[in-house]
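Peer 1: Sequence and predicted structure are below.
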Amino acid sequence: QRRRRRRDASIPAYPVAPTPVITLDPPPRRHKANHNYRDFSQVPPPPDVVSVLDQATLLACPESQVANSLTFPQQVHWALAHPVYGQSLEWQPHGRAFRVTNPQWLRMRGAYTHLFQAKSYAVFICLLQSWGFQHITHGPDRNAWYHELFLQGLPHLTCYFPSPKNSRRLVPDPLREPNLAAISQKFPLPALLEENQIQPR
């Protein structure tokens, strides 16, 4: 009898179900990138979380606390929101992916070692992959990284991240990569609506 796959007990159940946006058949190759996508922009924090990691709370965290007590996705969220790191990390306009614009600056600042617990940019990329971030290889978001649970202005979604796995370089699948700008037009992120960066359809 086929064994049923167990759900990771460390992942809380969603109080509001995410909206399926892209549902694809499994990739024909085992180690090919899987670009299925759900919209989590309306999913609130788990009801049993005592301290909600909202944008204001995240920005108030000192860097030492970020490095020592937050998960890797939360650390990246913090760096993207912090003005000091604006010259090296930036959100894409739609808020569903980010780019590393200046890896050398992060190295000179010591961010890889002291903030992300990574020895180098290459290790930082391995951490992104182990946490399930996907790399976009073409189009306006080329060289950006995305995860359906990693959205601008919604750091509380990082509590739903599954546990990291051993990183493995996936074969790109550019024909299946999502159009994240179009997704944000249909499902605008609250933070960008407030800033009038995205006009809902």
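Peer 2: Perfect, I can see it now.
Peer 1: in stretch 169-182, what counts as buried?
Peer 2: Applying a neighbour-count criterion of 16 or more other C-beta atoms under 10 Å, the buried positions in stretch 169-182 are Leu170, Asp173, Arg176, Glu177, Pro178, Leu180, Ala181. The C-beta positions use only the backbone N, C-alpha and C, and glycine is treated the same way.
Peer 1: Can you measure across that stretch, start residue to end residue?
Peer 2: One end of stretch 169-182 sits 27 Å from the other (C-alpha to C-alpha, to the nearest Å).
Peer 1: Likewise for stretch 86-97?
Peer 2: End-to-end for stretch 86-97, by C-alpha to C-alpha: 15 Å.
Peer 1: in this protein, which ranges drop under the pLDDT threshold?
Peer 2: 1-12, 26-31, 49-52, 167-168, 195-201 (pLDDT under 70).
Peer 1: Excluding chain neighbours, what is closest to the residue nearest the centre of the chain?
Peer 2: Centroid-nearest residue in the chain, with C-alpha atoms, centre = their mean: Phe150, separated by 3.0 Å. Nearest non-adjacent residue to Phe150, counting by C-beta to C-beta, 6 or more residues apart in numbering: Pro73, 6.1 Å away.
Peer 1: Right, I'll call it a day here.
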